[in-house]
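**Student:** need a 3D model of the sequence below.
(2 chains)
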Amino acid sequence: MSNKEWPLWEVFIRAKQGLNHKHVGSLHAADVKMAIENARDVYTRRMEGVSIWVVESKNLHASEPSEQEEFFDPANDKIYRHPTFYILPEELNHM
Amino acid sequence: MADKDLLYNYTLHLADNSMILGQRCGEWCGHGPVLEQDIALTNIALDLIGEARSLYQLAASLKGGTATEDTVAFLRDVLAYRNVLLVEQPNTDWAYTIVRQFFYDVFHFYLHSELMNSSEERLKNIATKTIKEVTYHLKWSSEWMIRLGDGTDLSREKMQDAVNGLWEFTGELFMSSAIEQKAFEAGFAPDLNILKPLWQEKVEDVLAESTLFIPEKNYQQKGGKTGVHSEHMGFILADMQFLQRAYPGANW
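**Tutor:** Coordinates of the predicted model:
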């Protein structure tokens, strides 16, 4: 018998139409079909979603924690990048 | 038999099947082979118990007096239970659990497909809700039949063992009890003779894809529908009913 562990998958759920898929967690499954069914059982039992994406974890690539400073710190003092300096017409009250 | 009595007895038979299978699936809670399947099977258990609740509520309202869904489920003894023998068979291992589930899911699916056309409005409403759940159960158990049947040598052997062991409990699904026969004649229950070939065809398809075989010996057990249960049934009820028996009326 094979003792190999099933691969790990990351699960993304869309809570309702119009929203983004959001990462909700991970699980083990033998293949993509099982991954989607497991995600249905593990992550949507309490009406959390209307759509599921799964991605095998090995296919996700992340930024390096060691590059934190050069990656993210330069944005700290660039407040002008937020579009908060415009005066909007009143009828656009949902921006 | 008055119509109300007939509907009461027929509803109980449906409810008991789902209740006992739900209880069996629930026994896996915390013991599943992997976390994901532990949750999957517990979800199925809760679907089945949810369906049983709707049916017990209907039964209790037909019985009237002080009857509630709880008294109907927890205060009847073995001989009064009307579930088929298949659903009370022990979990044994994952293969037995999957095969038992698959055999019942196929039946359950066609049963509710037919009940959606029942002349009895309340059964029809329950079937309309249940059919979605059962469609998923059947997909799930078929998937596992194929994965493990057409899997490794060991998994195939275990699955074939389970098919051989459980086959003799499948015939009872289609042996009409007096209640089912009268319910069919009254127009609110399906004709089991129509369900049988549908069941047979689906089971043969999935078994073929799973590289599994229907055993040659074809002796079929019966009794559950008339209250003649296997020795397992008393233990299931002891487990299930202990709380209400020891602490009558206990609540959350």
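**Student:** which stretches of chain A form strands?
**Tutor:** With DSSP state E as the criterion, chain A has strands at A:8-14, A:21-28, A:51-56.
**Student:** relative to chain B, which of the ones you listed is closest?
**Tutor:** Nearest of the strands of chain A to chain B, taken as Cβ to the nearest Cβ: strand A:21-28 at 5.3 Å. (C-beta placed from N, C-alpha, C; glycine too.)
**Student:** ok, residues contacting the closest one?
**Tutor:** Residues from elsewhere that reach strand A:21-28 (Cβ atoms under 8 Å, 6 or more residues apart in numbering or on different chains): A:5-15, A:35, A:38-39, A:42-43, A:48, A:51, A:53, A:57, B:34-36.
**Student:** so where does the residue of the stretch 151-252 of chain B found nearest chain A fall, helix or strand?
**Tutor:** As assessed by Cβ to the nearest Cβ, chain A sits closest to B:Leu154 within the stretch 151-252 of chain B, at 5.9 Å. Using DSSP states H and E, B:Leu154 sits in helix B:153-166.
**Student:** dump stretch B:143-154 to CSV, keeping only the CA atoms.
**Tutor:** Taking C-alpha atoms only, stretch B:143-154 is exported to CSV below (Å, rounded to 0.1, in the frame of the first residue of the first chain):
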residue,chain,number,x,y,z
GLU,B,143,-17.0,8.6,-7.0
TRP,B,144,-15.6,6.5,-4.2
MET,B,145,-16.9,3.3,-5.7
ILE,B,146,-14.9,4.0,-8.8
ARG,B,147,-11.8,5.3,-7.1
LEU,B,148,-11.5,2.3,-4.8
GLY,B,149,-12.9,-0.3,-7.1
ASP,B,150,-10.7,0.7,-10.0
GLY,B,151,-7.9,1.5,-7.6
THR,B,152,-5.1,-0.7,-6.2
ASP,B,153,-5.4,-4.5,-5.8
LEU,B,154,-6.0,-4.1,-2.1
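**Student:** would you mind listing what in chain A touches chain B?
**Tutor:** Residues of chain A that fall close to chain B, judged by Cβ under 8 Å from any Cβ of the partner chain: A:1-2, A:6, A:27-30, A:33-34, A:37-38, A:41-42, A:45.
**Student:** just the buried ones from those residues?
**Tutor:** Buried subset of the residues of chain A next to chain B (neighbour count, 16 or more other Cβ atoms under 10 Å in any protein chain shown): A:Leu27, A:His28, A:Ala29, A:Met34, A:Glu37, A:Asn38, A:Asp41, A:Val42.
**Student:** neighbours around B:Glu153, how many?
**Tutor:** Actually, residue B:153 is Asp. It isn't Glu. Number of residues near B:Asp153 (other Cβ atoms under 10 Å in any protein chain shown) recorded here: 8.
**Student:** what are the contacting residues of the helix or strand of chain A with the lowest mean pLDDT?
**Tutor:** Lowest on mean pLDDT, DSSP states H and E among the helices and strands of chain A sits helix A:68-72, with a mean of 90. With contacts defined as Cβ under 8 Å, 6+ apart, helix A:68-72 is touched by A:Ser63, A:Glu64.
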